[in-house]
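1. sequence and predicted model, in that order:
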Amino acid sequence: MIVRIPGVLSANEVSQLHKILETAEFVDGKLTAGWYAKKVVHDHQFPDNAARTIRDTVHTALYRNPLFQAAVHPKQIHSISVSRYNAGMADGRQADNALMKVGDNQWRSDVSFTVFLNDPNTYDGGELVIEGVDDERAYKLEAGMAIAYPSSTLYRVDPILKGMRLVATGWVQSWVRDPTKREILFELDTVRRSLLVQHGKTNEFDLLSKNIANLLRQWAE
């Protein structure tokens with residue numbers, strides 16, 4: 001399940017992050033990429049030791065967003081990084097590592113996400129392309145929006161033709177590992193919310209809420 005999530009960062013938060021990034025010293029993305037990704041990554045990254053404010057802002061924004069919570073069920077949001085793509089830069093076709101070491105801990109990558117940090121009209125190219133079984137879809141979202149998708153998919157970032165692309169990326173270990181089960185929970189919760197809006201708290205709403213809770217209780221790990 002691929003989910004576009006509007007308004008993860010407010011306009012004020014995006015503006016504040018831009019002020020930080022204006023004076024940032026980026027490094028070659030190959031220095032922080034995994035061994036496999038080093039072969040296909042062509043971007044600049046804000047070093048971890050200088051990116052704490054941005055990481056904390058994105059981390060907090062994702063945890064407070066109800067759509068992200070409903071779609072992803074985050075247990076641990078981790079490995080957030082900030083990347084800059086100038087003209088000619090791109091990320092080749094790749095898949096994310098299943099496990100990522102963060103300090104003394106190791107977390108699964110169940111869900112990948114990208115938070116877009118600048119206006120898509122300020123650069124040409126740079127689409128995030130996510131592959132399906134028999135097709136692919138390209139995404140280039142408004143500043144402050146995010147996209148979340150299963151980490152098991154292949155993806156790439158097309159070359160920047162003009163301008164500059166700024167994004168924050170990261171991964172999630174979900175309480176619900178199986179993407180099919182996450183999709184079931186998300187769709188049931190969507191129906192539950194619609195019932196509440198249309199009819200208020202009914203018997204059907206209560207039964208649906210009970211079963212969503214029981215499924216989550218059974219599937220969470």
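-> Received, thanks. Numbers count the residues shown, from 1 in each chain.
2. pairing partners for the top strand by length along the chain, with directions?
-> Across the chain, the longest stretch assigned as strand under DSSP state E is strand 74-85. Within its sheet, strand 74-85 is paired with strand 44-46 (antiparallel), strand 165-174 (antiparallel), according to DSSP bridges.
3. buried residues in that strand?
-> The neighbour-count check on strand 74-85 (16 or more other CB atoms under 10 Å) flags 74-75, 77-85 as buried. For glycine as for every other residue, the C-beta is placed from the backbone atoms N, C-alpha and C.
4. ok, so of those, who is nearest Leu17?
-> Nearest to Leu17 among those, counting by CB to CB, is Val82 at 8.4 Å.
5. could I get the pLDDT score of the closest one?
-> Here, the pLDDT recorded for Val82 equals 93.
6. roughly how far apart are the residue lying closest to Val72 once chain neighbours are set aside and Lys75?
-> Among residues not flanking Val72 along the chain, Val111 sits closest, at 5.1 Å (CB to CB, 6 or more residues apart in numbering). The gap separating Val111 from Lys75 is 10 Å, by CB to CB, to the nearest Å.
7. what does Pro159 give?
-> Distance from Pro159 to Lys75, by CB to CB: 35 Å.
8. how many neighbours does Glu131 have?
-> Number of residues near Glu131 (other CB atoms under 10 Å) recorded here: 14.
9. so what sits opposite Gln106 in the bridge?
-> Going by DSSP bridges, Gln106 is paired in beta bridges with Lys101.
10. ok, so what distance separates it from Ser15?
-> According to CB to CB, Gln106 stands 35 Å off from Ser15.
11. determine the longest helix present in this protein.
-> Across the chain, the longest stretch assigned as helix under DSSP state H is helix 179-199.
12. let me know the next secondary structure element after that helix.
-> Under the assignment DSSP states H and E, the closest C-terminal helix or strand after helix 179-199 is helix 203-219.
13. show me what that next one is packed against.
-> If you count contacts as 3 or more CB pairs under 8 Å, 6 or more residues apart in numbering; DSSP states H and E, helix 203-219 packs onto helix 179-199.
14. using PDB, write out the CA atom coordinates for the helix it packs on.
-> Presented in PDB, the C-alpha positions along helix 179-199 are these (Å, rounded to 0.1, in the frame of the first residue of the first chain):
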ATOM      1  CA  PRO A 179       1.800  -5.000   4.500                       C
ATOM      2  CA  THR A 180      -1.400  -6.900   3.600                       C
ATOM      3  CA  LYS A 181      -2.500  -6.900   7.300                       C
ATOM      4  CA  ARG A 182      -1.600  -3.200   7.600                       C
ATOM      5  CA  GLU A 183      -3.800  -2.500   4.500                       C
ATOM      6  CA  ILE A 184      -6.700  -4.500   6.000                       C
ATOM      7  CA  LEU A 185      -6.500  -2.500   9.300                       C
ATOM      8  CA  PHE A 186      -6.300   0.800   7.400                       C
ATOM      9  CA  GLU A 187      -9.300   0.100   5.300                       C
ATOM     10  CA  LEU A 188     -11.400  -1.100   8.200                       C
ATOM     11  CA  ASP A 189     -10.400   2.000  10.100                       C
ATOM     12  CA  THR A 190     -11.400   4.200   7.200                       C
ATOM     13  CA  VAL A 191     -14.800   2.600   7.100                       C
ATOM     14  CA  ARG A 192     -15.200   3.000  10.900                       C
ATOM     15  CA  ARG A 193     -14.400   6.700  10.700                       C
ATOM     16  CA  SER A 194     -16.800   7.200   7.800                       C
ATOM     17  CA  LEU A 195     -19.600   5.500   9.800                       C
ATOM     18  CA  LEU A 196     -19.000   7.700  12.700                       C
ATOM     19  CA  VAL A 197     -19.200  10.900  10.600                       C
ATOM     20  CA  GLN A 198     -22.400   9.700   8.800                       C
ATOM     21  CA  HIS A 199     -24.300   8.000  11.600                       C
END
